[in-house]
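Novice: with the sequence up front, the predicted model follows.
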Amino acid sequence: MIVIFDKNLIISKVKILIYREDHGAEVGSKRWLKQFIGKSGDNNLKYQKDIVAISGATISAKSMTNEVNKLLKTIHIFN
């Protein structure tokens, strides 16, 4: 996964570089990843509340949400 931030440390793009699992590849779709754009360290994203669930990709989508949250908390230190 790569996350690009703007100068204000707000997410401007998210992309899955390599996805090796048989199920859950929908997490790499531009449409689904758009949900993370505009988020910053002030946000604490909740799967199925802030981030739409993906049928058949629950583990991947939850993991992606958790990892973005960890990154946002880390990057918030620099803000």
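Specialist: Perfect, I can see it now.

Novice: how about the helices of this structure, start to end?
Specialist: Remark: helices assigned in the chain by DSSP state H are 30-33, 58-76.

Novice: Serialize the ones you listed to a markdown table and add fields for mean pLDDT.
Specialist: Listed next are the helices of the chain as a markdown table, based on pLDDT from 0 to 100:
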| stretch | mean pLDDT |
| --- | --- |
| helix 30-33 | 96 |
| helix 58-76 | 93 |
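
Novice: out of those helices, which comes closest to I18?
Specialist: helix 58-76 (12.8 Å; Cβ to Cβ). Using the backbone N, CA and C atoms, a C-beta is placed for each residue, glycine as well.

Novice: can you list the residues that contact the closest one?
Specialist: With Cβ atoms under 8 Å, 6 or more residues apart in numbering as the test, helix 58-76 has contacts from 1, 3, 5, 9, 11, 14, 16, 19, 21, 23-27, 32, 36, 39-47, 50-51, 53-54.

Novice: pull out the buried residues from those.
Specialist: Using 16 or more other Cβ atoms under 10 Å as the burial test, the contacts of helix 58-76 include 1, 3, 5, 11, 14, 24, 27, 32, 36, 39, 41, 43, 45, 47, 51, 54 as buried.

Novice: farthest pair within those?
Specialist: G24 and G41 (26.6 Å).

Novice: need the contact list for I2.
Specialist: Taking Cβ under 8 Å, 6+ apart as the test, what I2 contacts is K13, V14, K15, L17.

Novice: if we go to 7 Å?
Specialist: The contact partners of I2, by Cβ atoms under 7 Å, 6 or more residues apart in numbering, come to K15, L17.
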